[in-house]
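> task: produce atomic coordinates for the following.
(2 chains)
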Amino acid sequence: MELLNSILMLYRKESLIMLIEKYDMYEKKRDGYSSYEMFPEYDSFFYISRFFLVDFKRFRSFGMKVFFEELNMLGNDTIGTEDVNINIDQNDNKIYISESYYTYDQKPRTPEIEKLFNQSNFLELCKIGFLDYVTMTKDNFFHLLLIWDRFLDQSPPFVLLYEDDKNWFDILPFDSKKAMEKFVADHTELEETQK
Amino acid sequence: MIFHLNSEKIIDVERLKSIEGIEQIDKYRDYTNNFTDPAKLKPEEILYLNLCDWLEPQAIKINAALKKRGGIKVIDPVSKAEVIIEKYDLYHSLLGEMKPEFLNNVTKGGHLPIAELKSALFETGEIKSLGNGFFDMTIKRGSNKRLKSYFPLGTNIEEAVVMIEEAILNEEFVKYIKPENLSIEKALKTTEKTFEVVHKINQKFSIHINNGIAKFYPNAL
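Sure thing, here's the model as predicted:
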């Protein structure tokens, strides 16, 4: 059995099967989507989930085109709400979604960190690890924005947000909770599926 | 308030000097040597300090009333997370944060739509309705751009607090937001908690409570 598991694991890692590293499961409720299971439970993956559950529709109300233009036109800047900050690194073509004022404000600061705050350099505050964040390529973020935008119109009953073993984030719709959970089980490490 | 919408001079220096224990004012107390050197202040800082002066007696009255009734309990019926609000940080919630010399950081807090303060501080952009008169507006200062929510135009300080308290009492819709880095067991024991509450008019608010002091803002449903 152990040998079989090892072979299957190797097959999954080396072959076509995508492996899910992190995920959040959403269910459609009366007033939008609600998360009901995040893995790992204690992880900064929370911030991207929070962005899609709470803030996305606010940016969407101004028009997706406007939001895309802003993300493209801003330099190494921050655009945010009270819940999350979206920090743009145009040099590396990456996005850092980081924690809000209400959590980072409680953390003790060194003079160097205070200086970065005074410069509003949130990107560097992420890179030095002061702010908790989740990061992805800009292309990946745009991909998520387009899909989530479509889902808000189509309203699938269940939605899975995940990060795979290649650090690619994706969102998939499901008709049932069972189908979504089976998909996750089929695409996670055996240790996970055996839990 | 009209009297306090002045960005040219501190209206009542002596009154400002006498206000104690307000972090937002104390930062300027240190910067101006107890307001004896107002020439250091920029027009938007003068306006902000005058508005702090305007807010102070109302904040005292509201927080004294809250204290008299033993605070207000926020409880999530599902997770059973609960906390007692002993005081409101109305300076942060309604006027916003301002720090001497670093005005690019003024995008935090400040959800009362005081047009004069907004236009003095930010490049403002498009406005979108959140319903019931609440709205979102894009604001920008330096490299900080933000989508910020506001109470309806004309909301006064007491009305803002009453809305928050009515939403807290709408217990069925109180939801605790667990921090990402803590187990629920640990999170329930902390003195710092975040809740989302929904008023009967269908307006959502977020409330952050730290050691009994609450900061709040309108949010999107």
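> which other helices and strands contact whichever strand or helix holds B:Tyr48?
According to DSSP states H and E, B:Tyr48 maps onto helix B:43-68. For helix B:43-68, the packing partners by 3 or more C-beta pairs under 8 Å, 6 or more residues apart in numbering or on different chains; DSSP states H and E come out as helix B:13-18, helix B:23-31, strand B:87-88, helix B:90, helix B:115-121, helix B:157-169. Using the backbone N, CA and C atoms, a C-beta is placed for each residue, glycine as well.
> try 10 Å this time
Applying 3 or more C-beta pairs under 10 Å, 6 or more residues apart in numbering or on different chains; DSSP states H and E, one finds that helix B:43-68 makes contact with helix B:13-18, helix B:23-31, strand B:82-85, strand B:87-88, helix B:90, helix B:115-121, helix B:157-169.
> which residue would you name as the spatial centre of the chain?
All of this refers to chain A. A:Ile48 (3.4 Å; C-alpha atoms, centre = their mean).
> other chain: chain B
B:Ser93 (0.5 Å).
> which residues touch that one?
B:109-112, B:151, B:157, B:160-161, B:164, B:205, B:207-208, B:214-217 (C-beta atoms under 10 Å, 6 or more residues apart in numbering or on different chains).
> do B:Ala220 as well
A:32, A:54-61, A:81, A:83, B:128, B:130-131, B:134, B:136, B:147, B:149, B:203-204.
> just the helices in chain A please.
For chain A, applying DSSP state H gives helices covering A:2-14, A:45-50, A:56-61, A:64-73, A:101-104, A:111-118, A:122-127, A:138-154, A:177-186, A:190-193.
> does the fourth one come close to chain B?
Spelled out, that is helix A:64-73. Yes: judged by C-beta under 10 Å from any C-beta of the partner chain, helix A:64-73 comes into contact with chain B at A:66-67, A:70.
> columns neighbour count and pLDDT on top of those, output as JSON lines?
Converted to JSON lines, those look like this (neighbours: other C-beta atoms under 10 Å in any protein chain shown; pLDDT from 0 to 100):
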{"residue": "A:Val66", "neighbour count": "15", "pLDDT": "90"}
{"residue": "A:Phe67", "neighbour count": "21", "pLDDT": "91"}
{"residue": "A:Glu70", "neighbour count": "19", "pLDDT": "87"}
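> from these, pick the one nearest B:Ile85.
A:Phe67 (34.6 Å; C-beta to C-beta).
> once you drop chain neighbours, what's closest to the closest one?
Leaving aside its sequence neighbours, A:Phe67 sits nearest to A:Phe59 (C-beta to C-beta, 6 or more residues apart in numbering or on different chains; 4.7 Å).
> neighbours around the one you found, how many?
Residues lying near A:Phe59 (other C-beta atoms under 10 Å in any protein chain shown) number 25.
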